[in-house]
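K.L.:
Quick one, structure for this:
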Amino acid sequence: SNVSMGQNLVSEFITKEYKDAVSAVLDKALKGQETANFEFPLITKHGVKIEVLLNATARRDEQGNVIGVVGIGQDITGRIAQEREYSKLIDTANAPIFGVDTQGRVNVWNQCARRLVGYNTSEVMGCSLVQEFITEDYQESVQAVLDRALEGVETANF
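P.N.:
As a prediction, the model looks like this:
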């Protein structure tokens, strides 16, 4: 038998810190507003917390009236664990590693970069790498390398 049928999804299976957010997603779906790619933890029958990626949309009858919500979830627990491991590897690498977004703002700054350059992560995050940390005589060439990388062209040994 299916012991979860008829139980309140939010009160029974959603962690405390996400109850309001998940309720809001379901309420929006009941009003006909779709939510895509909403991430939240879910508690399994055995009390294990898993991470879920949810898409929620209204369920309608033949006349188009909303009669419920259809939620399509995907277990992303493994992906999140891999992302955390990847971040940990980058942060603890024995080489300075930085990352920038499409506007050239720093969004990755590992421990080795901190030791080498002397700036803490909080000091550099969101700052323009080229304008604020590259000497004027190299700004143009470094910007060109970053621009090529954003276009998918690799530059080795710059």
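
K.L.:
hey, where'd the strands end up in this protein?
P.N.:
For the chain, the strands defined by DSSP state E occupy 35-43, 49-60, 66-75, 98-100, 106-109.

K.L.:
The fourth one packs against which elements?
P.N.:
This means strand 98-100. With contacts taken as 3 or more C-beta pairs under 8 Å, 6 or more residues apart in numbering; DSSP states H and E, strand 98-100 sits against strand 106-109. C-beta coordinates here come from the backbone N, C-alpha and C atoms, glycine included.

K.L.:
can you list contacts of the strand it packs on?
P.N.:
90, 97-101, 119, 121, 124-129, 133 (C-beta atoms under 8 Å, 6 or more residues apart in numbering).

K.L.:
Repeat the analysis, applying 6 Å as the threshold.
P.N.:
Identification of contacts with strand 106-109 by C-beta atoms under 6 Å, 6 or more residues apart in numbering yields Phe98, Gly99, Val100, Asp101, Thr121, Val124, Met125, Cys127, Leu129.

K.L.:
before we move on, the earlier item: so which of the strands of the chain is nearest Asn157?
P.N.:
strand 98-100 (16.6 Å; C-beta to C-beta).

K.L.:
Of the strands of the chain, which stretch is the most buried?
P.N.:
Per residue and on average, the most neighbours among these fall to strand 106-109, with a mean of 19 (mean count of other C-beta atoms under 10 Å).
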